[in-house]
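> how would this look folded up:
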Amino acid sequence: MRSKKDLVDIIYAKYKCSKAKIIKMVGIVASSYYRKPSLGRKGNTATTTTFHQTKGFVSQCVVVKSIKKILKHEFIDCGYRLMTSYLKRDGYKINHKKLYRIMKEEGLLKLENRISRSGSGRKFVKFRKVYTSRPLQCLEMDIKMVWVPNVGKNAYLLSIIDVHTRRILIDYFSFTIKQNHVIELLSQLFEDYQYPESVVIRSDNGSQFIAKSVREYLGLIGVQQEFTHVATPEENAHIEAYHGILKKEVFARFDYRTFGEIEQILKRFVPFYNNQRLHGLLGRITPMEKWSADKHLILMKKLTA
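Numbers count the residues shown, from 1 in each chain. Down below sits the predicted model:
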């Protein structure tokens, strides 16, 4: 009995009409008709070398050593796509498909050293976009609770992020955060940047942020304050995302016990985040690289005699 593919060939040879019409009429999928048997041959053999700008072609074991060196950093826990960007920065010419194969063969696609401290992780909604054109145009601030095991209670981390560059401008870690601490932190921040013009700062409705003294201080220095709606973390998406990164890349991976240990980890992580960690939504560059590229756009108050 003839196959449907043979039937297509016979009808085409006899009537010379459109093959597409014949294939549809016979009732087979076009890709099935045009597929050629491989006769047991597999696809192209994977290359065993990778080009490096200074070292030339290197073996796979050299690439693996470079991957493991990057993953040894205390704050890096990334997949193959972001790892591709790190390797390219290191001088390699490699695509993400090849890197996926290498990392899969070496068991490097997922790190298993995370520490579970609670139940299922929090699910974030799709973030609402905040459109900016320069640094210090829109800031977001939020407070994250951090469990301190040796005292059996939470400490609090107040972080302020620049939305345009994703740079962490300043933070404050303590067992208590009151409205006077918020004012002191904001005062230090805006003094460091010489009180730039047309700044909007966004936060949720925490008691420290809605306090009359905080609102009066921001009004006094000409900073516009915005509050998110109740139960809408997507309106404060960038700082929420940063605190999510902290949870995944720091708090779920480090076996700390004391407040001081957490404080030291944070002092190391923030410079790493700003200066070394590649940010996907910035085009695989660091927050400080974005800041350096756009800082000339910051609006400053005109100096008066």
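> by contact count, what packs against the longest helix seen in the chain?
Using DSSP state H, we find that the single longest helix of the chain is helix 259-275. Contacts defined by 3 or more Cβ pairs under 8 Å, 6 or more residues apart in numbering; DSSP states H and E place helix 259-275 against strand 138-148, strand 153-162, strand 167-174, helix 237-246, helix 287-294. C-betas here are computed from N, CA, C, even on glycine.
> Which residues belonging to the longest one are considered buried?
Buried residues in strand 138-148, counted by 16 or more other Cβ atoms under 10 Å: 138-144, 146, 148.
> Put the alpha carbons of that strand into CSV.
Backbone C-alpha positions of strand 138-148 (Å, rounded to 0.1, in the frame of the first residue of the first chain) are rendered in CSV as follows:
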residue,chain,number,x,y,z
CYS,A,138,11.5,58.8,40.7
LEU,A,139,12.7,57.0,43.9
GLU,A,140,11.0,54.1,45.7
MET,A,141,11.4,53.2,49.4
ASP,A,142,10.2,50.3,51.4
ILE,A,143,10.9,48.4,54.6
LYS,A,144,11.7,44.7,54.7
MET,A,145,11.6,42.5,57.8
VAL,A,146,14.7,40.3,58.3
TRP,A,147,14.5,37.4,60.9
VAL,A,148,17.5,37.4,63.3
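> same question for that strand, mean pLDDT?
Taken as a whole, strand 138-148 has an average pLDDT of 96.
> Note down every partner strand of it and its orientation.
strand 153-162 (antiparallel), strand 200-203 (parallel) (DSSP bridges).
> mind putting these in JSON lines, mean neighbour count and distance to Cys61 included?
Output for those, formatted as JSON lines (neighbours: other Cβ atoms under 10 Å; distance: least, Cβ to Cβ, whole Å):
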{"stretch": "strand 153-162", "mean neighbour count": "19", "distance to Cys61": "40"}
{"stretch": "strand 200-203", "mean neighbour count": "20", "distance to Cys61": "49"}
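> Now the ones you listed in CSV, please, with extra columns for distance to His238.
Putting the strands paired with strand 138-148 into CSV (distance: least, Cβ to Cβ, whole Å) gives the following:
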stretch, distance to His238
strand 153-162, 5
strand 200-203, 9
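> By mean pLDDT, show me the worst of those.
strand 200-203 (a mean of 92).
> Please export the C-alpha coordinates of whatever helix or strand comes next after that strand as PDB.
Per DSSP states H and E, the first helix or strand lying C-terminal to strand 200-203 is helix 207-210. Below are the C-alpha coordinates for helix 207-210, written out as PDB (Å, rounded to 0.1, in the frame of the first residue of the first chain):
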ATOM      1  CA  SER A 207       3.200  54.400  59.500                       C
ATOM      2  CA  GLN A 208       6.800  55.700  59.100                       C
ATOM      3  CA  PHE A 209       6.000  57.000  55.600                       C
ATOM      4  CA  ILE A 210       2.600  58.600  56.100                       C
END
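> Okay, buried residues for helix 207-210 please.
So helix 207-210, judged by 16+ other Cβ under 10 Å, has buried residues 208-209.
> Am I right that Tyr86 is in contact with Lys69?
No: using Cβ atoms under 8 Å, Tyr86 is not in contact with Lys69; the gap is 9.9 Å.
> More neighbours: these two, which one.
Comparing Tyr86 with Lys69 by other Cβ atoms under 10 Å, the one with more neighbours is Tyr86, at 22 against 11.
> what about the more buried one, helix or strand, and which?
helix 80-89.
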